[in-house]
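Visitor: pasting the sequence and the predicted model now:
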Amino acid sequence: MECLLPPPIGPSMLAPVGRAGSVEETGGTLIVASEFDQFVEQYHQALDEFFRGNPESAKRLYSHREDASLANPFGSVAIGWDEVAGTMDRAASNYRDGGATGFKSVAACVTPDLAYTVEIERFQAKVGGNEETASGALRVTTILRREDGAWKIAHRHADPITNRRPAESVIQNQS
């Protein structure tokens, strides 16, 4: 089965909030691409709310099954809907007075029942206890699947690594 891939995007191109990158037909059906494109747009709008401290829109897009998973920058991997929902609540509580500022599509693959995206998400928000608005970026991989005819997020991994780092950066001090 062939994947539907987005057109190449240069390093300076950033899709504004509410505009998913288009998916071109290269072997699947245009309907799948169109539905997926609409889902990604909803997802980006939900992330805009998330960076304001509200996880509810994003939670509605997530799978509520026991194999759903989430790995975010604030803690260990959450597995199962109950853990994922709690982790999303805690993560969103770290942000306030902000919003998403753009999404850079790095890679994507869409089949009729399974898809993934790799994006750089950019945001501005007050983070943690800081009173100053800060800009941030997350490297995000999202795996989606069809559940009862609708796209749902099955897994999301987000971390703040958006540039090359030295090999030693993975070493943790053992104290």
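Guide: Yep, it's here.
Visitor: what residue ranges in the protein score low on pLDDT?
Guide: 1-33, 174-175 (pLDDT under 70).
Visitor: where do the strands sit along it?
Guide: Ranges of strands within the chain are 69-71, 78-79, 95-110, 114-127, 133-147, 150-159, based on DSSP state E.
Visitor: how far off centre is the last one?
Guide: Averaged C-alpha coordinates place strand 150-159 at 7 Å from its chain's average position (C-alpha atoms, centre = their mean, to the nearest Å).
Visitor: from now on call the first residue 606
Guide: All set: I'll call the first residue 606, so the last point we hit is now strand 755-764.
Visitor: list the helices and strands it packs on?
Guide: helix 635-655, helix 661-666, strand 674-676, strand 738-752 (3 or more C-beta pairs under 8 Å, 6 or more residues apart in numbering; DSSP states H and E). The way it works is simple: take the backbone N, C-alpha and C, and place the C-beta from them, glycine included.
Visitor: cool, the third one as well?
Guide: Of the remaining helices and strands, those touching strand 700-715 by 3+ C-beta pairs under 8 Å, 6+ apart are helix 635-655, strand 719-732, strand 738-752.
Visitor: ok, the first one next?
Guide: With contacts defined as 3+ C-beta pairs under 8 Å, 6+ apart, the secondary structure elements packing on strand 674-676 are strand 683-684, helix 686-697, strand 755-764.
Visitor: can you give me the angle the last one makes with strand 700-715?
Guide: Read it as strand 755-764. 110 degrees (axes from the mean of the first three to the mean of the last three C-alpha atoms, to 10 degrees).
Visitor: output strand 755-764 as CSV, nothing but the C-alphas.
Guide: The C-alpha coordinates for strand 755-764 follow below in CSV (Å, rounded to 0.1, in the frame of the first residue of the first chain):
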residue,chain,number,x,y,z
ALA,A,755,-13.1,8.4,12.3
TRP,A,756,-9.5,9.4,12.7
LYS,A,757,-8.2,9.2,16.3
ILE,A,758,-4.7,9.8,17.8
ALA,A,759,-3.3,6.5,19.0
HIS,A,760,0.1,7.9,20.1
ARG,A,761,1.8,11.2,20.4
HIS,A,762,5.5,11.8,21.2
ALA,A,763,6.6,15.4,21.8
ASP,A,764,10.0,16.7,22.9
